[in-house]
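A.B. asks: need the 3D shape of this:
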Amino acid sequence: MAKFYLRFYCHTPSAEEDNWVDVTALGVHPDLAQRLGDLGIIDYQRGFVPARQATRLRRVMRLRRNLGVNLPGAAIIVDLLERIEELQDEVERLKG
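C.D. replies: Sure, this is the predicted structure:
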């Protein structure tokens, strides 16, 4: 009996890469994504956002859906969360 092996690859785009993700694949209506782009919360071009901002977009949408936070409030919260993560990374780097 023949044996077959599956090999899975996971590619995480780096900040330098210019990968774009379709907003509908993230469960976001294009009109709402356009509004987020107009507010400066995300970069938005013709139905796509940079892959590095997909997590940011998901966080904004989760804050709206789960907590009822408005868009400017969600943007501020996400900015603060990202800053906290940067500071935590820096503290870990300095400890090591």
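A.B. asks: show me the strands in this structure, by range?
C.D. replies: 20-22, 48-50 (DSSP state E).
A.B. asks: same for the first one, what does it pack against?
C.D. replies: Contacts defined by 3 or more C-beta pairs under 8 Å, 6 or more residues apart in numbering; DSSP states H and E place strand 20-22 against strand 48-50. (C-beta placed from N, C-alpha, C; glycine too.)
A.B. asks: who's in contact with the strand it packs on?
C.D. replies: With contact meaning C-beta atoms under 8 Å, 6 or more residues apart in numbering, strand 48-50 is reached by 18-23, 26, 33, 42-43, 57.
A.B. asks: tabulate the residues you listed in CSV, adding columns for neighbour count and distance to Ala51.
C.D. replies: Output for those, formatted as CSV (neighbours: other C-beta atoms under 10 Å; distance: C-beta to C-beta, whole Å):
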residue, neighbour count, distance to Ala51
Asp18, 8, 9
Asn19, 12, 4
Trp20, 18, 7
Val21, 17, 5
Asp22, 12, 11
Val23, 23, 12
Leu26, 14, 10
Ala33, 23, 14
Ile42, 22, 12
Asp43, 14, 11
Leu57, 23, 10
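A.B. asks: quick one: mean pLDDT for the longest helix along the chain?
C.D. replies: Counting residues, the longest helix found in the chain (DSSP state H) is helix 71-95. Regarding helix 71-95, the rounded mean pLDDT is 94.
A.B. asks: that helix: which residues count as buried?
C.D. replies: Of the residues in helix 71-95, 74-75, 78 count as buried by neighbour count, 16 or more other C-beta atoms under 10 Å.
A.B. asks: looking at this protein, which residue lies furthest from center?
C.D. replies: Centroid-distance maximum for the chain: Met1 at 45.0 Å, with C-alpha atoms, centre = their mean.
A.B. asks: returning to what we had before: rebuild the strands of the chain as CSV, extending it with distance to Gly68 and mean pLDDT.
C.D. replies: Output for these, formatted as CSV (distance: least, C-beta to C-beta, whole Å; pLDDT from 0 to 100):
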stretch, distance to Gly68, mean pLDDT
strand 20-22, 26, 91
strand 48-50, 23, 93
